[in-house]
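Peer 1: sequence first, predicted model second:
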Amino acid sequence: MPEVQLKPCFLTPQRVQPDYPLFVYLPGMDGTGQLLRSQTAGLETGFDVRCLAIPRQDLNTWDVLSKSVLDLIHAELEKSSQRPVYLCGESFGGCLAMKVSTQAPHLFKRIILINPASSFQLRPWYNWASQLTDFVPAYFYDIGALGLLPFLASLVRMCRTVRHELLKTMRSVPPETINWRLSLLRDFQVDEEQLGSLTQQVLLIAGGSDRLLPSEMEVRRLVEILPNSKMVVLPDSGHACLLEEETNLYEILKSQNFLESIAPKVQELEVRG
């Protein structure tokens, strides 16, 4: 997997399609953006996809991360400005998406939040336990990643290759970065009045069998705050629902009438290397 050394950047999965709506994906705690790969073929049917990749050593605040995302989006729009932007955040990235969308509410056509980790604070013992991770020796993190896997994902709904990729990705994040991102989740706050002022359509997706976080409860809470929102519960899905073989994000968006028509003439550039 490519190493992101200096600062957050966008990865382009397969193709550059500047006439398509821009789809910006903000990843979970791993921050790599690599785990969206099982969804990109479907998404590229109707979007020009970018995945945020955060450096493994990045210890920046929510505000700094939000500014980085906005800078990257503006850089993309300088190349092709006359197109809508879809913002999609999963888990940790769902929290970041809320920060970004409230800082630039008119930038996004539509917003998708998948198992947003804003529900972290709904389980007080997570708050308490996460503060102890600073005292855990680094070599325990590899063992902990393996033990956490059944809570993070519905393993029976994922192929073996994807399970191995998920574990490898979890183990690639340094302990100090895990601790820092947990501290961001502990301290996460977003102004509900600002959320309530968002007028664009918002789709909230929850894994009904999420064993890591109370995601269904959280999306039910958020749908009461966001004025133009609706929710989809995937009853058998876990927290990392986008890695499951039966989950097709593009088809979910299509079934919820969340797609825009695409211009008939499409300029497509292959990304090589």
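Peer 2: Arrived safely, thanks for sending. Numbers count the residues shown, from 1 in each chain.
Peer 1: ok, the residue lying closest to residue 68 once chain neighbours are set aside to residue 222 distance?
Peer 2: Excluding its sequence neighbours, the residue lying closest to residue 68 (Cβ to Cβ, 6 or more residues apart in numbering) is residue 8, at 4.3 Å. For glycine as for every other residue, the C-beta is placed from the backbone atoms N, C-alpha and C. Per Cβ to Cβ, to the nearest Å, residue 8 is found 25 Å from residue 222.
Peer 1: one more: residue 232?
Peer 2: Residue 232 is 13 Å from residue 222, by Cβ to Cβ.
Peer 1: which one of these two has more residues nearby?
Peer 2: Higher neighbour count among residue 232 and residue 222: residue 222, with 22 against 17, using other Cβ atoms under 10 Å.
Peer 1: separation between residue 205 and residue 232?
Peer 2: With distances taken as Cβ to Cβ, residue 205 is found 5 Å from residue 232.
Peer 1: joint contacts of the two?
Peer 2: Common contact partners of residue 205 and residue 232 (Cβ atoms under 8 Å, 6 or more residues apart in numbering): residue 252.
Peer 1: sorry, back to before: pLDDT score for the residue nearest to residue 68?
Peer 2: pLDDT for residue 8: 95.
Peer 1: hey, where'd the helices end up in the stretch 151-273 of the chain?
Peer 2: Using DSSP state H, counting those that start in this stretch, the helices of the stretch 151-273 of the chain run over residues 160-172, 175-187, 192-196, 215-225, 249-255.
Peer 1: highest average neighbour count across these?
Peer 2: Stretch with highest mean neighbour count among the helices of the stretch 151-273 of the chain: helix 215-225 (a mean of 19; mean count of other Cβ atoms under 10 Å).
Peer 1: sorry, back to before: quick check: neighbours shared by residue 232 and residue 222?
Peer 2: Contact criterion Cβ under 8 Å, 6+ apart; residues shared by residue 232 and residue 222: residue 204.
Peer 1: setting aside sequence neighbours, what's the nearest residue to the most centrally placed residue in the chain?
Peer 2: Geometric centre of the chain, nearest residue: residue 90, 2.7 Å, by Cα atoms, centre = their mean. Among residues not flanking residue 90 along the chain, residue 114 sits closest, at 4.2 Å (Cβ to Cβ, 6+ apart).
Peer 1: what pairs with the one you found across the strands?
Peer 2: residue 90, residue 205 (DSSP bridges).
Peer 1: so who does it touch?
Peer 2: By Cβ under 8 Å, 6+ apart, the contact set of residue 114 is 88, 89, 90, 91, 94, 205, 206, 241, 242.
Peer 1: quick check: closest non-adjacent residue to the fourth one.
Peer 2: Take residue 91 and drop its neighbours on the chain: the residue closest to it by Cβ to Cβ, 6+ apart is residue 28, 3.7 Å away.
Peer 1: that neighbour in helix, strand or coil?
Peer 2: coil (DSSP: H, G, I helix; E, B strand; the rest coil).
Peer 1: identify the residues contacting it.
Peer 2: By Cβ under 8 Å, 6+ apart, the residues touching residue 28 are 35, 90, 91, 92, 93, 117, 240.
Peer 1: re the thing from before, pLDDT at the residue nearest to residue 90, what is it?
Peer 2: If you check residue 114, the pLDDT there is 97.
Peer 1: what of the one 5 residues further on?
Peer 2: At residue 119, the pLDDT value in this model is 84.
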